[in-house]
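> I would like the atomic coordinates for the input below:
(2 chains)
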Amino acid sequence: MSKLEQIGPCTYLLPKEGGMRVPGLVIASEKLLADMEIDRPLEQVRNVAYLPGIVGYSVAMPDIHWGYGFPIGGVAAMDINEGVISPGGVGYDINCGVRLAVTPYLYDELKPKLREKLLHEIYHLVPSGVGHGHRGAGVSEADYKALLTKGAAWSVEQGFGLPVDLEHSESHGCIEGADPAAVSKTAKERGHKQIGSIGSGNHFVELGQVQDLFLPEIASQWGLKKGQLYILIHSGSRGFGHQVCQDTLNTFVKRGFAEGLPDKQLVAAPIKSEEGKQYFAAMAAAANFAFNNRQQILHSIRVAFKEVLSTDPEQIRMIYDVCHNIAKFEEHDGRRLCVHRKGATRSFGPGHPELAQIFQHSGQPVLVPGDMGRASYVLVGLGNPLTWSSSCHGAGRARSRIQSMKSWKGREPVHYMKQQGVEVKASSFRTIAEEMPDAYKNVDDVVVAVEEAGLANRVARLRPYLVVKG
Amino acid sequence: MEPEHKRLFFGLEVQAPWPESLPHGRILDEKHRHLTLAFLGDTDWTKLKEALQTFPTPSFKVGFVGQFDQCLFLPPRHPRVVAWHVDFLEEDSPLITFYETLIVWLKEKGFSPDTRHNFTPHVTLARAPFNERVWQKKFTPLPLLLKDIHLYESVGHLKYESIWSSSLLAPFEEISHTADVAYWIRGENFDQLYRHAEVALATTFPQILPYLRKQNGIENLDDVIIALNELVAIVDQAISSPFKAVSFHSHLEEKENVLHWEMIVDV
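Got it, this is the predicted structure:
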């Protein structure tokens, strides 16, 4: 293993070498380190440490894997005067994130026929998958202007949600500083009919049961109960965000910002440069697109509950919505920094001024989806300064998509999942095969590492039962 | 010693995202499907084996890409086979030239290749009995790649075994990648690299086929990546694409005048 020195529980130092401006910091257990292919992602942790203006550490989370430029599961904070902003530090799917809501029902109370009906209705109402256009009127230029600057509040104004939803969102569902004029026509065209849709890949809507509570007091404050039927949504900014990233990479590469970097995907512009400002304005717009996307997916799910169980929308309460691909300006130790989180979740601790009243005493919820067969987690942030108040974002893949596809070829993954008690709906066999539980690391191991390292504590374990995949 | 006779033909190995099931017929197994270059029939294998030492070298090192664009029933009057016609999605003249060279070479060596028909690139899927209407109805265009040249022996029961090969590099192959999808793309220039990359994407997601387009002015890897991302954007807008972006990851090698690029695609 590449020169890692343990400096604390589940915390390793990757010493400075070559042109690294800061050391690396890896959060992982011995078991996770032994099980993962660590060399390529660690190389990326080192590469990130070369970037101008980076402070503290180039951080890797326990769900780290190889990404574009930055590893997925990477965190890097840049000084706003000296530092750079990198699209590779945010990722293609800008503000890919997770939203958790709870229902007034206990999962076990729902009869199997109703569960099936609910799954069918959600599959019908929430567009997913690829290979076909999505229905709906689409987004006009005027709508774009409003939604890209107001964030999820725009959807709420249009009737796709409740004002209280916004209090339960990271940054209240809006990244300030978005400028629709910084976004290309192509990005807007790609996003035109994609709001309110899951997409494909690892995105999903999942319903299941709150299985275990680790911190019952915090769970109770947040409205989480054992046995409760929950809704978990994982999606991002769809083609809109990808195009913003791609447009920026094209521009940055053409302007020579990649010269001298160990990897072209690390390309970055000074935060204070026109290009840097333009990227931030476009990225914030894409982040706001994503907040609207998850807001409207939740709305469709509320409609499904109304149809099937006559549930009032207010009875479906949001717990939280987190971003896990984002760059944000934040205050840390009195310094204003641009924190890149790529495949990592903000995990502010108790008392952070940005948090809504309900989370002031506890710290913010951190949502960690695992895989569709085992579990997902709700954690509470501890505001650890070593990671710029960041935590993990998921289980992390253990197998490549092609390996998963090959191992399930000729078998019936949907039937297998049913035997495990999980009903899965998806428009493509390939998606299901690629996303089977054995493609992922065990999320239990990941969250234990995060807890031992002091980034976040476990509040609840969620067990999926009904899944819609893209 | 008696000369050893075999039923032989030259052909190219074909790979495609074959459908899980096909209409009724005596179906050729995937591994036996091929594109015939020159049919020899009953042949003196001992003589041909010796002649193969001077087998003509193709002018190309990398195989070809194309799409199955229509269903054929051959021969047209009293069809005995169902085949899919191959429409090349790149310049096919080097292959046509090679076909002509191969025919001349075979004749010079004293063999009698079947030249009754013009070269019609196709891949046989099934033999009679079959229902033409059902096959026609079920047909949808699919991408394909052609690689290695083989001398095949027909061993009966719709089985064809390679008894000699001349290697060509595959235009692309899907490889493992932790989170996304990745391919090795090969080409003799950047233009070809782009074309092969497009068809690689179509092999994973055939609905992209109608959107493939000829691009001019592809001069370097950045041009290839930018053009592929334009394609992804068009498809995403039209029908929602599983590919979200082709990364600027630029692991590019040149070996013996062939470009090898590790293409990683965000999904």
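
> where does the chain dip in pLDDT?
Just so you know, I chose chain A. Segments of chain A classed as low confidence (criterion: pLDDT under 70) are A:1-2, A:131-137.

> let's do chain B instead
For chain B, residues meeting the criterion pLDDT under 70 lie at B:1.

> strands along that one, start to end?
Counting by DSSP state E, chain B has strands at residues B:5-15, B:26-27, B:34-44, B:64-74, B:81-88, B:122-127, B:142-156, B:159-166, B:172-175, B:181-187, B:245-246, B:252-255, B:258-266.

> quick one: closest of those strands to A:Asp321.
A:Asp321 lies closest, by Cβ to Cβ, to one member of those: strand B:258-266, at 22.7 Å. (Each C-beta comes from the backbone N, C-alpha and C, glycine too.)

> return the set of buried residues in that closest one.
Judged by neighbour count (16 or more other Cβ atoms under 10 Å in any protein chain shown), strand B:258-266 contains these buried residues: B:258-266.

> what's the biggest helix in the chain, counting residues?
Defaulting to chain A. Selection of the longest helix in chain A by residue count, based on DSSP state H, yields helix A:274-309.

> oops, wrong one, chain B.
helix B:221-239.

> mind giving me the packing neighbours of that helix?
helix A:185-191, helix A:238-254, helix B:190-204, strand B:245-246, strand B:258-266 (3 or more Cβ pairs under 8 Å, 6 or more residues apart in numbering or on different chains; DSSP states H and E).

> run the last query once more with 6 Å
Where contact means 3 or more Cβ pairs under 6 Å, 6 or more residues apart in numbering or on different chains; DSSP states H and E, helix B:221-239 is packed against helix A:185-191, helix A:238-254, helix B:190-204, strand B:245-246.

> neighbouring contacts of that helix?
A:131-133, A:186, A:189-190, A:239, A:243, A:246, A:250, B:190, B:193-194, B:197, B:208, B:211, B:215, B:218, B:241, B:243, B:245-246, B:248, B:250, B:252 (Cβ atoms under 6 Å, 6 or more residues apart in numbering or on different chains).

> relative to strand B:181-187, how tilted is it?
Direction vectors for helix B:221-239 and strand B:181-187, defined by axes from the mean of the first three to the mean of the last three Cα atoms, to 10 degrees, enclose an angle of 130 degrees.

> starting at the chain centroid, how far to helix B:221-239?
Taking the mean of its C-alpha atoms, helix B:221-239 sits 24 Å from the chain's own mean (Cα atoms, centre = their mean, to the nearest Å).

> give me the buried positions along it.
The neighbour-count check on helix B:221-239 (16+ other Cβ under 10 Å) flags B:221-239 as buried.

> what are the ranges of the helices in the stretch 1-150 of chain A?
A:30-35, A:39-48, A:112-125, A:141-150 (DSSP state H, counting those that start in this stretch).

> closest one to A:Val467 among these?
If you check each of the helices of the stretch 1-150 of chain A against A:Val467 by Cβ to Cβ, helix A:112-125 wins as the nearest, at 8.1 Å.

> and the closest residue to A:Gly177 other than its chain neighbours, what does it touch?
Taking Cβ to Cβ, 6 or more residues apart in numbering or on different chains as the measure, A:Gly177 lies nearest to A:Ala284, with 4.8 Å between them; neighbours along the chain are not counted. For A:Ala284, the set of contacting residues under the criterion of Cβ under 6 Å, 6+ apart consists of A:175, A:177-178.

> which residue is it, in the stretch 251-400 of chain A, that comes closest to chain B?
A:Ser400 (3.8 Å; Cβ to the nearest Cβ).

> you'd agree B:Trp135 is up against B:Phe73?
No - with contact taken as Cβ atoms under 6 Å, B:Trp135 and B:Phe73 are classed as non-touching, separated by 7.7 Å.

> re earlier: to B:Arg77, which of the helices of the stretch 1-150 of chain A lies closest?
Across the helices of the stretch 1-150 of chain A, B:Arg77 has its closest neighbour in helix A:112-125 (49.7 Å, Cβ to Cβ).

> and the closest one, what other elements does it pack with?
Here helix A:112-125 is seen to pack against helix A:274-309, strand A:456-469 when contacts are counted using 3+ Cβ pairs under 6 Å, 6+ apart.

> report the angle between the helix or strand that the longest one is followed by and helix A:274-309.
Meaning helix A:274-309. Beyond helix A:274-309 in the direction of the C-terminus, DSSP states H and E gives the next helix or strand as strand A:317-323. Taking the same axes, to 10 degrees, one finds strand A:317-323 and helix A:274-309 inclined to each other by 150 degrees.

> identify the residues contacting strand A:317-323?
Residues lying outside strand A:317-323 but in contact with it, judged by Cβ under 6 Å, 6+ apart, are A:95, A:97-102, A:165, A:168-170, A:222-223, A:294, A:345, A:365, A:367.

> make it 8 Å
When contacts are defined by Cβ atoms under 8 Å, 6 or more residues apart in numbering or on different chains, strand A:317-323 is touched by residues A:95-102, A:152, A:164-165, A:168-171, A:173, A:222-224, A:287, A:290-291, A:294, A:298, A:341, A:345-346, A:364-367, A:378.
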